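**Q** With the sequence up front, the predicted model follows.
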Amino acid sequence: MYLSKSIYVRVWSCPKGAWISKYYPEAVPQDEGKMNRFRTGDEVGDLARGLFGPSVNVTAYMEDGKLDLPRMIRNTEEEMARGTEVICEAAFSYEGLYCAVDLLRKEKGGWAIYEVKSSSDGLQDKYIADVSYQKYVLEHCGVKVTGVYLVCIDTDYVLGPEGLDVRSFFRINDLGEQAAAEQATVPGVLETAERVLSSEEEPQTELSEECKGCELFPWCGRHLPSPSVFDLYRLQKKKMIEYYRQGLVSYADLDKAGVIRNATQKRQMDYFLNDLGTYTEPEKIRKFLGQLTYPLYFLDFETMMPAVPFCVGTHPFAQIPFQYSLHYIEHEGWELKHREFLAESGTDPRRAIAEALCRDIPADVCVTAYNKRFECGRIHELAEIFPDLADHLLAIEGNIVDLLEPFQKGWYYNTEPTNLTYI
C-alpha cells in the first residue's frame, strides 16, 4: 500500500471520501476556488522556506513532470548526513508510507518537523493528524524527532512600509504534546486505509452533520430525493441529520410527520408539494420598492483576499476591492447606462477605487447592492483609510438599499428551479 500524508489525512477525516478520491476522482470538484487555494499554499510554502535562514530544497522531478520520490529520499539522506540546518520537502518512506516534511530543522539531538499551512488556525484536528503521521513515518525510518510544530499565518500581522517581515508574518505552534497523544491512533487509521483503499466496493456510511457543506456531498447524497430535508432553508444541520435518520427525507415525509414548524420552511415544502409556483407579499414588496428613487445606481464589487498582504497597512486575508461594475438609470424609463473600474495589476488599488467611486456615484443618490453588508463594509474601510474622501464615501454607504431583503425575508419565493429557494 502506498500512502502519502494527504491520503492519510483524508482517511483519518473520512474514509469514504478517501475511497471516492481514489476510485472516482471525477466526483471531486476541481473549481477555480480550489486552484486558488493550492496557489496560495504554494506561495506561503515558498515564503516559509526562509523562516530559519538558508535552506536546501530536495524536491526532484522525473522527465514527465511527476515527483521523483526515490531521488528525493536519497537527496534527504545526503543533506541530513551533511548536517544541513534546514531541509525543505525532506522525503521519507517506510513500508509504503511516504511523507515529505515541509521544513525539517536540525536540532540538538535530532530533527524537528515543521508543517506549513496557509491558514490562520494552527490547532485544527486534521493538522494534528497530519504531523502525527509524519512523526510516525520518520521515527520508523530511524529519525530522532525532537519537536513537532505547525507554521501558520498570523492574521494580526500588518504589512508595514518596510516590506514583509517573514518571522512576524508566521505563527509557530508547538504541537509536540498533541502529536504524542495522537500517535496511538495512527496504526488504527493505517488499518482503515488498508481495508478501505484496497477494496473496490464503496464503503457504506451514514450521512452526518459534517457531510452537509462537504464538496463530496453531491456524491454521498446522490440517493436523496430532490429536494430533500437537506434543502430546507436555514434548518440546523443537527435537525437535518435527526430527521434523515428517522426516515424523514423527502418533503412529503416531513409534511406527513408534521415536524416542521417554521413558517418559511413549511411554505417551501407546501409550494413544492402542491406545485403552487410563486409566492409573493405584494404590500411588503411595494413598500420596499418605494425606497428606491431616481437617479438609481446598481453597485457590485469584486475583491481579493491575499494571504500574503501587499498593500501597506493591511493584514493577511483582508478584503481588497479592485473592481466594480456600476449600472445606473437617471430617470424612470430612461436608458440603462454603465460605468466600471478595474485596478492596474500589481498595484495597491484602494486609493484609485475610492476616487473612482466618488467620481461615478454622487453623494446623495439611491444605490442598490445585493447583500449590501459586503459593499458597505468595503466602502467604510476605504473611508477610514482616506479621510479626505470619507464624507463622500460614507454618504454613498448611507444610501445603499439591500436587494437581498425581499428574498431573505420571504416576501418572494419561486419553486422553479428548485435549487433557487430562499437566499
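**A** Here it is on my side, so go on. Residues are numbered from 1 along each chain as shown.
**Q** hey, where'd the strands end up in this protein?
**A** 56-57, 86-94, 97-107, 110-116, 145-153, 170-174, 278-280, 296-304, 320-329, 337-342, 366-369, 400-402, 412-414 (DSSP state E).
**Q** Show the average pLDDT along the longest one.
**A** When you say that, I think you mean strand 97-107. In this model, strand 97-107 has a mean pLDDT of 97.
**Q** same deal with the fourth one?
**A** Model confidence over strand 110-116, given as mean pLDDT, is 97.
**Q** from the chain's centre, how far out does that strand sit?
**A** Offset of strand 110-116 from its chain centre (C-alpha atoms, centre = their mean, to the nearest Å): 26 Å.
**Q** What of the second one?
**A** Counting by C-alpha atoms, centre = their mean, strand 86-94 is centred 28 Å from the centre of its parent chain.
**Q** swap in the third one?
**A** Distance of strand 97-107 from its chain centroid, counting by C-alpha atoms, centre = their mean, is 26 Å.
**Q** cool, the first one as well?
**A** Put simply, strand 56-57 sits 29 Å off its chain's centre (C-alpha atoms, centre = their mean).
**Q** With the fifth one instead?
**A** Relative to the centre of its chain, strand 145-153 is centred 23 Å away, using C-alpha atoms, centre = their mean.
**Q** Each with direction, which strands does that strand pair with?
**A** Applying DSSP bridges, strand 145-153 is found paired with strand 110-116 (parallel), strand 170-174 (antiparallel).
**Q** looking at those, which is buried most?
**A** Comparing those by mean neighbour count (mean count of other C-beta atoms under 10 Å), strand 110-116 ranks first with a mean of 21. Every residue, glycine included, has its C-beta placed from N, CA and C.
**Q** and the strands paired with strand 145-153 as CSV, adding distance to Pro282?
**A** Shown next, in CSV, are the strands paired with strand 145-153 (distance: least, C-beta to C-beta, whole Å):
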stretch, distance to Pro282
strand 110-116, 56
strand 170-174, 54
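**Q** so which of those gets nearest Thr205?
**A** Nearest to Thr205, of all these, is strand 110-116, at 28.0 Å by C-beta to C-beta.
**Q** can you pull the contacts of the closest residue to Pro203 other than its chain neighbours?
**A** Leaving aside its sequence neighbours, Pro203 sits nearest to Lys16 (C-beta to C-beta, 6 or more residues apart in numbering; 4.6 Å). Taking C-beta atoms under 8 Å, 6 or more residues apart in numbering as the criterion, Lys16 is in contact with Val196, Glu202, Pro203, Thr205, Leu216, Cys220.
**Q** same check, this time on Met269
**A** Leu232, Tyr251, Leu254, Asp255, Ile260.
**Q** Identify the farthest-apart pair in these.
**A** Using C-beta to C-beta for every pair in these, the one that comes out farthest apart is Leu232 and Asp255, at 11.4 Å.
**Q** Neighbour count for those two, which is higher?
**A** Leu232 (23 against 17; other C-beta atoms under 10 Å).
**Q** Is it correct that that one is in contact with Tyr243?
**A** No - judged on C-beta atoms under 8 Å, Leu232 makes no contact with Tyr243 at a distance of 9.0 Å.
**Q** contacting residues for the residue nearest to Glu85 when sequence neighbours are not counted?
**A** Spatially, and ignoring its direct neighbours in sequence, Glu85 is nearest to Lys106 (5.1 Å; C-beta to C-beta, 6+ apart). For Lys106, the contact set (C-beta under 8 Å, 6+ apart) comprises Gly83, Thr84, Glu85, Val86.
**Q** how about those in a markdown table, adding neighbour count?
**A** Below are the contacts of Lys106 laid out as a markdown table (neighbours: other C-beta atoms under 10 Å):
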| residue | neighbour count |
| --- | --- |
| Gly83 | 7 |
| Thr84 | 19 |
| Glu85 | 15 |
| Val86 | 21 |
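**Q** Now tabulate the strands of the chain in a markdown table and tack on distance to Ala129.
**A** A markdown table is the format used below for those (distance: least, C-beta to C-beta, whole Å):
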| stretch | distance to Ala129 |
| --- | --- |
| strand 56-57 | 25 |
| strand 86-94 | 17 |
| strand 97-107 | 12 |
| strand 110-116 | 11 |
| strand 145-153 | 11 |
| strand 170-174 | 14 |
| strand 278-280 | 47 |
| strand 296-304 | 31 |
| strand 320-329 | 33 |
| strand 337-342 | 43 |
| strand 366-369 | 41 |
| strand 400-402 | 42 |
| strand 412-414 | 43 |
